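Novice: all I have is the shape, not the residue letters:
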């Protein structure tokens, strides 16, 4: 399978250089031009894709070379870029930064080389002039297959940009294209909290901020040149990843509200492609689970911020507790896991699990892990594994021991409460990292359907 996908990857020299701001400005400007724009995020992040899709209006997905092999990554790019005039891939951390301090594994650089994408590097120009050339020189010489074709200067002034652009052209003999700049725009700064950017629904006047960024991008960034650069990308080659169509449709309730909003959309769509009907509901607002469901998915999010409201919804808590005791298949990741416990802080929760969640004041466990099952359970047999990710400040008095989580460094710990009908733990995972996990979950939901037939 070979597909033409106009695309560019916007990378940064480091975290905090402004690549998210620049990416959002470009996405909104291209959307305003009435283009059909696809957006992608390198790495496991949930929050930037929510900005891309819910605020800017660009369909967004994750590209992660720890979660996926190269073919699956290219397939998900192809699948989600279908019908798009251009696809913008936002990098993660610094361009070459991967797992650990000495590896490029799962870095933006590895994604760029895997999908053979032109790269535009965002550089923070505040407080620098000719030293920018040294930074650019380093990025261009560290690895010969760098893919870097252009540069955008963030927090640069209208007065200094033409001079710096001329120096970039002169020094690199036209091989690195200056593609514009964004000035410092403190009024458009995005708020932040411990998990990174705040969720899209919570940012005050975010759409107005995006429009201000887009208007600036139209005047200071060479958008036509960016589009031309995207057209230079070669075809993407991959083998389609097919998920088995199931003989019966099942209905799976999916928690969707400000407390539970962290989902990989491709992962949910994997269930839909097999035949599932996903039924959204709100543990915050609804009185009970939806009727006639055969599965439950409680994703991550910020339940600690809504603990009192969740606790006061007594009928929903009782509905979930009753359903789980009756054997309803359930996946509960991170925030969903906390919700199933006895309490979040002092606020009583569902109480299906005995653990109590508490704020550690710091990252409890974080980063990529490989999850390996210690026993047969809902999602897999003993010995099966899947790539996962943890990122949370809250911990629990009882985190489970059905799986072993192991980092690339070799550090390992037991985690997850799992039974024939339950996966509940802090690690998040993506079904495309091991589609058999989706198949096992779907089959458990089919058994539930037959049980009540």
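Specialist: That came in fine, so what should we check first? Everything numeric in this text was worked out from a predicted model, so none of it was measured. Residues are numbered from 1 along each chain as shown.

Novice: mind naming the longest helix for the protein?
Specialist: When the chain is parsed with DSSP state H, its longest helix is helix 435-451.

Novice: now do it: which elements does it pack against?
Specialist: The contact analysis (3 or more CB pairs under 8 Å, 6 or more residues apart in numbering; DSSP states H and E) places helix 435-451 against helix 265-274, strand 295-298. C-beta coordinates here come from the backbone N, C-alpha and C atoms, glycine included.

Novice: from the chain's centroid, how far away is the longest one?
Specialist: Remark: helix 265-274 is offset 15 Å from the chain centroid, using CA atoms, centre = their mean, to the nearest Å.

Novice: which of the residues in it are buried?
Specialist: Of all the residues in helix 265-274, those buried under the rule 16 or more other CB atoms under 10 Å are 265, 266, 267, 268, 269, 270, 271, 273, 274.

Novice: just the angle between it and helix 435-451, please?
Specialist: Taking axes from the mean of the first three to the mean of the last three CA atoms, to 10 degrees, one finds that helix 265-274 is oriented at 50 degrees with respect to helix 435-451.

Novice: quick check: next helix or strand after helix 265-274?
Specialist: strand 277-281 (DSSP states H and E).

Novice: so for that next one, what gets flagged as buried?
Specialist: 278, 279, 281.

Novice: any idea what the nearest residue to residue 46 once chain neighbours are set aside is bridged to?
Specialist: Computed as CB to CB, 6 or more residues apart in numbering, the closest residue to residue 46 that is not its neighbour in sequence is residue 262, at 4.2 Å. Assessed by DSSP bridges, residue 262 has beta-bridge partners residue 300.

Novice: okay, now residue 60: neighbour count?
Specialist: Using other CB atoms under 10 Å, residue 60 has 23 neighbouring residues.

Novice: starting from the helix or strand it falls within, tell me which strands it pairs with and how they run.
Specialist: For residue 60, the element it lies in under DSSP H and E is strand 59-63. Sheet pairing of strand 59-63 (DSSP bridges) gives strand 37-42 (parallel).

Novice: which residues does the partner strand contact?
Specialist: Outside of strand 37-42, the residues within contact range by CB atoms under 8 Å, 6 or more residues apart in numbering are 9, 23, 27, 30-31, 48-49, 52-53, 56, 58-64, 77, 80-81, 84-92, 107-108, 111.

Novice: repeat that with 6 Å
Specialist: 27, 30-31, 48-49, 52, 58-63, 80-81, 84, 86-92, 108, 111 (CB atoms under 6 Å, 6 or more residues apart in numbering).

Novice: and what of stretch 224-232?
Specialist: 6, 7, 8, 86, 118, 179.

Novice: closest one to residue 247 out of those residues, please.
Specialist: Nearest to residue 247 among the contacts of stretch 224-232, counting by CB to CB, is residue 7 at 37.5 Å.

Novice: just the helices in the stretch 151-300 of the chain please.
Specialist: Secondary structure of the stretch 151-300 of the chain by DSSP state H, counting those that start in this stretch: the helices cover 161-171, 206-220, 223-231, 265-274.

Novice: can you mark which positions in the shortest one are buried?
Specialist: Meaning helix 223-231. 223, 226, 227, 229, 230.

Novice: low-confidence ranges, the protein, go.
Specialist: In the predicted model, the chain carries pLDDT under 70 at residues 191-204, 453.

Novice: so what secondary structure elements neighbour the host helix or strand of residue 87?
Specialist: Using DSSP H and E, residue 87 sits within strand 86-90. The contact analysis (3 or more CB pairs under 6 Å, 6 or more residues apart in numbering; DSSP states H and E) places strand 86-90 against strand 7-12, strand 37-42.

Novice: please identify the pairing partners of it and their relative orientation?
Specialist: Note on strand 86-90: by DSSP bridges, its sheet partners are strand 7-12 (parallel), strand 37-42 (parallel).

Novice: to residue 161, which of these lies closest?
Specialist: strand 7-12 (17.8 Å).
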